[in-house]
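Novice: Kindly generate the corresponding structure for this input.
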Amino acid sequence: MRTKRTIENLGSLNKKALAKFEPFLAEVEKAMAAKGVTVEVISGLRSWAAQAALYAQGRTKPGRIVTKARPGSSWHNYGLAIDLGLFRNGVYLDEKQPAQADKLYAEIGKIAADHGIEWAGNWKSFTENPHFQVTFGKTLAELRAKMPAVNYDVNKLV
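Specialist: Residues are numbered from 1 along each chain as shown. Presented below is the predicted three-dimensional model:
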């Protein structure tokens, strides 16, 4: 059963992206449930202000750097990305058992590839295991340029 947080984050996505993510998530949820792990979508569409706050972390605000993406330079800003969280018995594995979480994300990354979804765990620099995205052949520059023309409606981008 999906959490309220997962349902809300999925509901925030571009509808075409959601159509790609739904079958992927169903398969991931089943695979992880067999290992006693629940999956939550902990981030979906992210406002540019929220992205700015994340970007400031570890730079001008306390904490570790969690993103290289400035506002408008994240697929989350266009409703085309999700971040997952892995939990076992209420314990956030990403934080408390990162090595175990990384192994599970590698499995999830293979499922993503089968669904045509990009996994940030495969990136050459600044890998981000919880992050998955669909680009529909667009670039971030194209999306940034198109946003005003579609009145900032992420459903009209792709």
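Novice: Helices of the chain, start to end?
Specialist: Secondary structure of the chain (DSSP state H): helices located at 4-11, 15-33, 48-56, 93-96, 98-114, 140-146.
Novice: chain center to the shortest one, what's the gap?
Specialist: Spelled out, it's helix 93-96. Relative to the chain's own centre, helix 93-96 is displaced by 16 Å; criterion: Cα atoms, centre = their mean, to the nearest Å.
Novice: What mean pLDDT does it get?
Specialist: Average pLDDT, helix 93-96: 96.
Novice: go on, the first one?
Specialist: Per-region confidence: helix 4-11 scores 97 on mean pLDDT.
Novice: Can I get the longest strand anywhere in the chain in CSV, CA atoms only?
Specialist: When the chain is parsed with DSSP state E, its longest strand is strand 81-88. Below are the C-alpha coordinates for strand 81-88, written out as CSV (Å, rounded to 0.1, in the frame of the first residue of the first chain):
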residue,chain,number,x,y,z
ALA,A,81,12.1,12.9,-12.0
ILE,A,82,11.5,11.0,-8.8
ASP,A,83,13.6,10.2,-5.8
LEU,A,84,13.0,7.0,-4.0
GLY,A,85,13.5,6.1,-0.3
LEU,A,86,14.0,2.6,0.9
PHE,A,87,12.6,1.5,4.3
ARG,A,88,12.7,-1.7,6.4
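Novice: got the angle for it vs helix 15-33?
Specialist: Angle of strand 81-88 versus helix 15-33, following axes from the mean of the first three to the mean of the last three Cα atoms, to 10 degrees, is 20 degrees.
Novice: Not counting its neighbours along the chain, what's nearest Gln100?
Specialist: Take Gln100 and drop its neighbours on the chain: the residue closest to it by Cβ to Cβ, 6 or more residues apart in numbering is Leu93, 5.7 Å away. All C-beta spots, glycine's among them, are computed from the backbone N, C-alpha and C.
Novice: before we move on, what about Tyr78?
Specialist: Leu143 (4.9 Å).
Novice: if I look at that neighbour, how far off is Asn151?
Specialist: From Leu143 across to Asn151, the span is 14 Å (Cβ to Cβ, to the nearest Å).
Novice: ok, those two, which is more surrounded?
Specialist: Leu143 (22 against 7; other Cβ atoms under 10 Å).
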